[in-house]
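>>> Sequence below, structure please.
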Amino acid sequence: MSIPDLVLASTSVYRKTLLEKIQIPFHCVAPQINETPIDNETAEQLVQRLALEKAKAVAVQHPNSWVIGSDQVCTINGQIVGKPGTESAAIHQLQAAAGQRITFFTGLCLYDAVQQRYQLCAEPFHVHFRQLNTEQIQRYINAEQPLNCAGSFKSEGLGITLFHKLEGRDPNCLIGLPLIALVDMLAAWGIELPL
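Okay, here's the model as predicted:
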């Protein structure tokens, strides 16, 4: 089975580590796109649009490749929440999430640059947070510094202590790349994993 040149349209160490799990050769390229949401765009629409735009942007540089684009947002009470960037914003996000069911949407695009065809989806994943007090939130932020993570936590680390329950098809979505959906997309185009 011949594997096309596969490019991950991301420089995220988290997505790179996830993609390595399925043991196929790939390389990473940073997509240069504007990630600003469009007025009245839903979370699902946003992540699908950005996943496709990232894949297409990288495909211009790699016209003989298949490109994987992905984007993720967190929603709390229906509102899109981004990466906190600062400790005070992370505290605010975790206070808002405490005791709530929040939803992550992870957009995934597999783009065939040669045939200019693509597959696209938005995978939901739900996180049920425990009730958290200010001291617990502060201790968590001090320990993991999740300032570059949507929702202000790292589920693959100490963030797991913040949750009551996880609910969804693929826990990899929470880290930023829905591998089960990607394996399905690759299979639809003739690449059966494992190799």
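>>> Which parts of the chain are strands?
Taking DSSP state E as the criterion, the chain contains strands spanning 5-8, 27-28, 65-76, 79-81, 101-112, 117-129, 163-168.
>>> now for those strands, which one comes closest to residue 183?
Using Cβ to Cβ as the measure, strand 101-112 is the one of those that comes nearest residue 183, at 10.5 Å. No exception for glycine: its C-beta is placed from N, CA and C like everyone else's.
>>> and that closest one, what does it pack onto?
Strand 101-112 is packed against helix 43-61, strand 65-76, strand 117-129, helix 179-188, with contacts defined by 3 or more Cβ pairs under 8 Å, 6 or more residues apart in numbering; DSSP states H and E.
>>> Tell me which of these is the most buried.
A comparison of the helices and strands packed on strand 101-112 by mean neighbour count, using mean count of other Cβ atoms under 10 Å, puts strand 65-76 on top with a mean of 25.
>>> Using CSV, lay out the strands of the chain together with mean pLDDT and distance to residue 184.
Formatted as CSV, the strands of the chain follow (pLDDT from 0 to 100; distance: least, Cβ to Cβ, whole Å):
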stretch, mean pLDDT, distance to residue 184
strand 5-8, 97, 16
strand 27-28, 98, 22
strand 65-76, 95, 13
strand 79-81, 89, 26
strand 101-112, 96, 10
strand 117-129, 97, 9
strand 163-168, 95, 15
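>>> Out of those strands, the one nearest residue 177 is which?
Set against residue 177 and scored by Cβ to Cβ, the strands of the chain come closest in strand 65-76, at 5.2 Å.
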